[in-house]
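> Show me how the following folds:
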Amino acid sequence: MKKKILITVKTYPSISTKYSELVCTAGIAENGEWIRLYPLPFRKLDYDRRYAKYQWIELEIEKNTSDPRPESFRPVNYDNIVLGEKIGTEKGTWAQRKEIVLQNIYTNMSDLIEDAKDKSKCVSLAVFKPTRINSFTIKETSREWDPKKIVQFNQTNIFEDAENPFKVVSKLPYEFRYEIEDDSGKISKLMIEDWEIGQLYWNCLRRHNGDESLACEDIRKKYWDEFVFKKDLFLFLGTTQVYHFVGKNPFLIIGTFYPMK
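Numbers count the residues shown, from 1 in each chain. Just a heads-up that it's a prediction; the model follows:
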């Protein structure tokens with residue numbers, strides 16, 4: 001079936017032993033329903049098929065039968081993605097974004113997790129409004145991808161253009177988390193895995209000539225000083241398939257929505 005979707009989420013690329021490098025993309029269809037597009041090798045798309053956040057796209061999709069989450073669909077043909085209008089950040093456009101994005105908002109984490117575990121609902125994508133954000137933390141982590149996945153990645157890409165080989169994206173050497181509080185006082189620590197925070201880190205690192213402490217300081221200024229205190233911050237939350245039914249709290253932060261207060 002053909003769907004028109006406003007892209008609201010792109011996660012930082014990950015390495016898959018089955019599909020090589022992938023970006024989890026999600027958005028909201030014209031009828032207000034969430035749609036997850038997976039697998040989708042975003043950086044391998046032709047440049048005229050690479051969509052931006054808050055851009056309408058149209059493409060043929062089919063239900064991903066290997067994924068029980070109802071929002072999960074598979075693109076039928078990557079080459080047939082049609083790029084449409086972008087909703088920018090100019091004066092007045094945040095109202096357009098809000099009208100589409102803020103249709104169904106969770107404020108209670110226990111309610112969201114219950115709806116995720118309920119097999120009749122199986123909610124795996126949601127907009128969440130924290131009552132309070134208590135902290136933003138940055139923790140150093142492994143700097144290289146799992147070697148087994150890299151071996152499989154190289155095997156998957158062995159027949160690609162030898163003169164212009166595809167280079168896997170660099171792994172982020174830091175993990176970023178918000179500690180949030182919901183309307184019942186329940187506290188959750190959630191990892192942030194969106195594309196924007198990863199790209200911001202690399203951009204800041206280049207600007208500071210490789211000084212990681214200064215790059216992390218810039219990220220803290222944006223995600224703590226700016227988003228928490230100057231913006232009306234909402235979180236896009238999503239689950240991973242492997243932890244959806246077994247994780248105590250299967251949700252990650254896969255994007256942020258930050259109009260002015």
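> show me what contacts residue 86?
Counting by Cβ atoms under 8 Å, 6 or more residues apart in numbering, residue 86 touches 52, 54, 55, 56. The way it works is simple: take the backbone N, C-alpha and C, and place the C-beta from them, glycine included.
> so the third one makes contact with residue 81?
It stands for residue 55. No: proximity of residue 55 to residue 81 does not meet the contact threshold set by Cβ atoms under 8 Å, at 10.6 Å.
> ok, and for stretch 232-248, which residues are buried?
Across stretch 232-248, burial judged by 16 or more other Cβ atoms under 10 Å covers 233, 234, 235, 236, 237, 238, 239, 240, 241, 244.
> For the closest residue to residue 187 other than its chain neighbours, give me its contacts.
With Cβ to Cβ, 6 or more residues apart in numbering as the criterion, residue 187 has its nearest non-adjacent residue at 5.4 Å, and that residue is residue 181. For residue 181, the set of contacting residues under the criterion of Cβ under 8 Å, 6+ apart consists of 130, 131, 132, 133, 134, 187, 188.
> and residue 7, how far is that from residue 181?
Here residue 7 is placed at a distance of 29 Å from residue 181 (Cβ to Cβ, to the nearest Å).
> which regions of the stretch 51-200 of the chain sit below the pLDDT cut-off?
Regions of the stretch 51-200 of the chain meeting the criterion pLDDT under 70 cover residues 147-168.
> If we use 80, what do you get?
Counting by pLDDT under 80, the stretch 51-200 of the chain contains low-confidence ranges at 78-79, 89-93, 145-169.
> What ranges does it have for its helices?
Defined through DSSP state H, counting those that start in this stretch, the helices belonging to the stretch 51-200 of the chain, from first to last, are 93-101, 109-117, 147-156, 195-207.
> Mean neighbour count added to those, as a markdown table?
Formatted as a markdown table, the helices of the stretch 51-200 of the chain follow (neighbours: other Cβ atoms under 10 Å):
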| stretch | mean neighbour count |
| --- | --- |
| helix 93-101 | 15 |
| helix 109-117 | 17 |
| helix 147-156 | 14 |
| helix 195-207 | 16 |
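> possible to save these as a markdown table with distance to residue 253?
As requested, the helices of the stretch 51-200 of the chain are exported to a markdown table (distance: least, Cβ to Cβ, whole Å):
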| stretch | distance to residue 253 |
| --- | --- |
| helix 93-101 | 15 |
| helix 109-117 | 12 |
| helix 147-156 | 23 |
| helix 195-207 | 9 |
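> Report the contact partners of the residue lying closest to residue 139 once chain neighbours are set aside.
The shortest distance from residue 139 to any residue other than its chain neighbours is 4.8 Å, reached at residue 175 (Cβ to Cβ, 6+ apart). Shown here is residue 175, whose contacts under the criterion Cβ under 8 Å, 6+ apart are 138, 139, 140, 141, 191.
> for the fourth one, what are its contacts?
Looking back up the chat, that one is residue 141. When contacts are counted by Cβ under 8 Å, 6+ apart, residue 141 is found next to 172, 173, 174, 175.
> can you check residue 9 too?
Contact criterion Cβ under 8 Å, 6+ apart gives 24, 25, 26, 27, 53, 125, 194, 236, 238, 254, 255 as the residues in contact with residue 9.
> how close does it sit to residue 196?
With distances taken as Cβ to Cβ, residue 9 is found 10 Å from residue 196.
> shared neighbours of these two, which are they?
Applying Cβ under 8 Å, 6+ apart, one finds that residue 9 and residue 196 are jointly contacted by 53, 255.
> Check the contacts of residue 175 for burial and list the buried ones.
Among those, those scoring as buried are residue 138 (criterion: 16+ other Cβ under 10 Å).
> in the sheet, who's paired with residue 260?
residue 231 (DSSP bridges).
> in the stretch 151-261 of the chain, which spans are strands?
174-181, 187-191, 234-239, 251-257 (DSSP state E, counting those that start in this stretch).
> Mind listing what's buried along the shortest one?
Using 16+ other Cβ under 10 Å as the test for burial, strand 187-191 gives 188, 190.
> what sits up against it?
Outside strand 187-191, the residues that touch it by Cβ under 8 Å, 6+ apart are 109, 134, 175-182, 235, 237, 249, 251-253.
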